[in-house]
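> Sequence and computational prediction follow.
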Amino acid sequence: MLIDIRNLYKIYNEGKESEVRALDGVTLTIDRGEFVAIIGQSGSGKSTLMNILGCLDIPTYGDYWLDGTDITERTDRELAHIRNKEIGFIFQGYNLIPALSAYENVELPLIYQGVPLGKREDMVMEALEKVSMEDRWQHKPAEMSGGQQQRVAIARAIATHPPIIMADEPTGALDSKTGRHVLEILHNLHEDGTTVILITHDNGIAATAERIVRISDGRIVGDGTREEVGL
Amino acid sequence: MNLTQAIKMAAKSISSNKGRSALTMLGIIIGLAAVIILVSYAQGQNMAMKAYYESMGSNKINVSAYTWGNSSSVDVGQALYDYCLQLDGVVGVSPNGYIWSSPTIKYESKTLSRNSNRSYGGGGVMISYDSSNDYPQIYLGNDKFGLCNDYVISNGRDLSYLDVENSNQVCVLGAATAEYLFSFADPVDKTISINGTPFRVVGVYKSKGSGTDLGTSQDAQWMSESIKRLDRMILLPSTMTRLFNDNQPIEEYVVKVKNSDAIKEVTTSLNGFLSGIINTNSGSYSVYSEDTWQNESNEANAMQQRFLGGIAAISLLVGGIGIMNIMLVTVTERTREIGIRKAIGAERKSIVVQFLIEAAMICGIGGIFGIGVGYIGTLIVGKLSFGTILIPSAAITVAAAAISVALGIIFGMYPAIKASGLQPVVALRAE
């Protein structure tokens, strides 16, 4: 079992009138090599769940084991290492650093990992080739289309060869053709053995996953195949 | 992430935000240059004052002592002279008298007098010429007069003990007077006349300096004029008082002491001695030294230096606040970037180190330019105000540079530490 969360809560303004339960007792397990789509309406808590799964945020209550490690007990530094080595993030808004070129953006996680220069060059170019962006390595984000930026973001996410890819609405800002291409890349990664967790509100995109988790008001209301969750 | 990587990243970040980096640097450049220029100016002022006091004669004590009527049976001058010679620390004593009237001085066709001469130029235009501007002070002193007043012989010899003892009709000329009367000729052994009495020139004193290096301010011009005036002089043996001052005793003396430490001691002794021989009902005396004035002036200079230093410190502080402001804006603007970096595995330390290096590089480069501008500014101010090459002191430069870099680093680090402590998801939400 790669991911194991039990009774996870994320509560904002706890005890106040304005209390919001973004996650309200979520229990979920994900095995290595799965392609899981987490779907739900806007505000359902799916992004909060991904942020906690990706160690970008901490739960208010509950347990989270990642590959057998209790995440809730980890220090800030240890969480940074987990994010760097275990997880690759793909965001809806690409989240590339504007001042850096495609190459430099992809290189960044490898620098933080301490990969030596020669090996780093090979790994960056390999990642860019996987998303067919090797010709645009010198370009800055502003000089690329949305689809190209998202491919660079994917290259950055896979550069360190993490066992998990977490994608939060990766096609949300793209046209349908580009979106399909991005989805294809994610499926290719899955075929190569990477665990992919895809957050989306689009049922059509979620339907391409082998397992779908439906979330509503901070609770899991469905978990299974396309047919089982009624897509 | 190693240091080289961090430096490369910081350099990349600075170069990709040239405008903002330049603005931050500008604050440091202005602050640092202002400190260097202002403090150097104050130091230049100090140097000028020091030069002035040195040219006036250092380590000397002026004594005036006189009695009226026949109330004193003691020859005050002789008693003072004898007393001074047996004091420790005294190098020489000389009468420091001058001729009360303004006798006409002549050498061949050249005349120096207090009266204005009028002549008519071509076309009947009246040309007025007043040689009184060049009219010298005629001193009455002895063989130690030059030593006591820091005059050095450039040509010929000084007055001798015998010149005074024998009332020889000889004189020593100041540089300006020698030049006026003799132009380029050698005055030694030539004879000038003072009120018709011939005096053989035995020597010429070196010029005390042009005084042009004191600057162009009103004070500096006054000091410069005072120094030039020192070269307009003629020294006669003190015994010539019988020819020009109705044989009245000389009441002014100058006492030269070996160093500034001896001034206080000798002044106290002289005051004690004079109070013993002069009854204040029938006479008067005073003892004062240039050092008294110099100390007052030093105090004023120190105040000025503190004042200018204060202004400079304020400008540096304003520069520092400017840096903090820009750093705060920079980091706030880059909170999302910090979130991205944290999301892909940057440790808090890496973020802080990157911003720290950025701040240090900006401040360092700004500091170098600031020192450069400060040096150039100091050179210009030195030339314009003091007519000399003024170099800022290394201690001030290093201190000001260190302060500005420290300000930049401290103010730059604070927002970086704050931002790096955010949860990645919070930083990522920043717009």
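Arrived safely. Note that the structure is a prediction, hence the values are computed from the model and not measured.
> State the mean pLDDT of stretch B:303-317.
For stretch B:303-317, the mean pLDDT works out to 78.
> In it, which residues are buried?
By neighbour count on 16 or more other Cβ atoms under 10 Å in any protein chain shown, the buried set for stretch B:303-317 is B:305, B:308, B:312-313, B:315-316. Yep, even glycine has a C-beta here, placed from its N, CA and C like the rest.
> Would you indicate which residues of stretch A:175-195 are buried?
A:178-179, A:181-183, A:185-186, A:189-190, A:194-195.
> and chain B, which of those contact it?
Filtering the buried residues of stretch A:175-195 for proximity to chain B by Cβ under 8 Å from any Cβ of the partner chain leaves nothing.
> Which of the buried residues of stretch B:303-317 sits closest to chain A?
Chain A lies nearest to B:L316 out of the buried residues of stretch B:303-317, by Cβ to the nearest Cβ, at 30.3 Å.
> Isn't the closest one up against B:L407?
Yes - between B:L316 and B:L407 a contact is recorded at 7.4 Å, counting by Cβ atoms under 8 Å.
> Tell me which of the buried residues of stretch A:175-195 fall in strands.
Residues of the buried residues of stretch A:175-195 located in strands (DSSP state E): A:T195.
> Show me the buried residues of stretch A:175-195 that map onto helices.
Residues of the buried residues of stretch A:175-195 located in helices (DSSP state H): A:178-179, A:181-183, A:185-186, A:189-190.
> what residues are up against B:P415?
Taking Cβ atoms under 8 Å, 6 or more residues apart in numbering or on different chains, we find B:P415 in contact with B:327-328, B:330-332, B:355.
> Pull out the buried members of the residues you listed.
Buried residues within the contacts of B:P415, defined by neighbour count using 16+ other Cβ under 10 Å: B:327-328, B:330-331, B:355.
> got CSV for the residues you listed, with pLDDT, distance to chain A and secondary structure too?
Below are the buried ones among the contacts of B:P415 laid out as CSV (pLDDT from 0 to 100; distance: Cβ to the nearest Cβ, whole Å; DSSP: H, G, I helix; E, B strand; the rest coil):
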residue, pLDDT, distance to chain A, secondary structure
B:M327, 74, 17, helix
B:L328, 78, 19, helix
B:T330, 77, 12, helix
B:V331, 78, 14, helix
B:F355, 84, 14, helix
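> Quick test: name the residue nearest the centre of chain A.
By Cα atoms, centre = their mean, chain A has its centre lying nearest to A:M166, at 1.6 Å.
> Distance check, that one against A:R6.
In this view, A:M166 and A:R6 are 19 Å apart by Cβ to Cβ, to the nearest Å.
> ok, B:Y66 - how many residues close by?
A total of 18 residues lie near B:Y66 under the criterion other Cβ atoms under 10 Å in any protein chain shown.
> next one: B:Y288
When neighbours are defined as other Cβ under 10 Å, B:Y288 has 12 of them.
> Grab the nearest non-local neighbour of it.
Spatial nearest neighbour of B:Y288, chain neighbours left out: B:N62 (5.7 Å); criterion: Cβ to Cβ, 6 or more residues apart in numbering or on different chains.
> ok, now A:L23?
Per Cβ to Cβ, 6+ apart, closest to A:L23 is A:K10, 4.1 Å.
> Flag every buried residue along stretch A:123-132.
Neighbour counts using 16+ other Cβ under 10 Å place A:123-125, A:127-128, A:130-131 of stretch A:123-132 among the buried residues.
> Among those, name the ones in strands.
Per DSSP E, the buried residues of stretch A:123-132 never map to strands.
> Send over the helix or strand that B:A427 is a member of as CSV, restricted to the C-alpha atoms.
Per DSSP states H and E: B:A427 is located in helix B:424-429. The C-alpha coordinates for helix B:424-429 follow below in CSV (Å, rounded to 0.1, in the frame of the first residue of the first chain):
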residue,chain,number,x,y,z
PRO,B,424,3.7,25.5,0.5
VAL,B,425,0.0,25.5,-0.2
VAL,B,426,-0.4,28.9,1.4
ALA,B,427,2.6,30.3,-0.5
LEU,B,428,1.2,28.8,-3.7
ARG,B,429,-2.1,30.6,-3.3
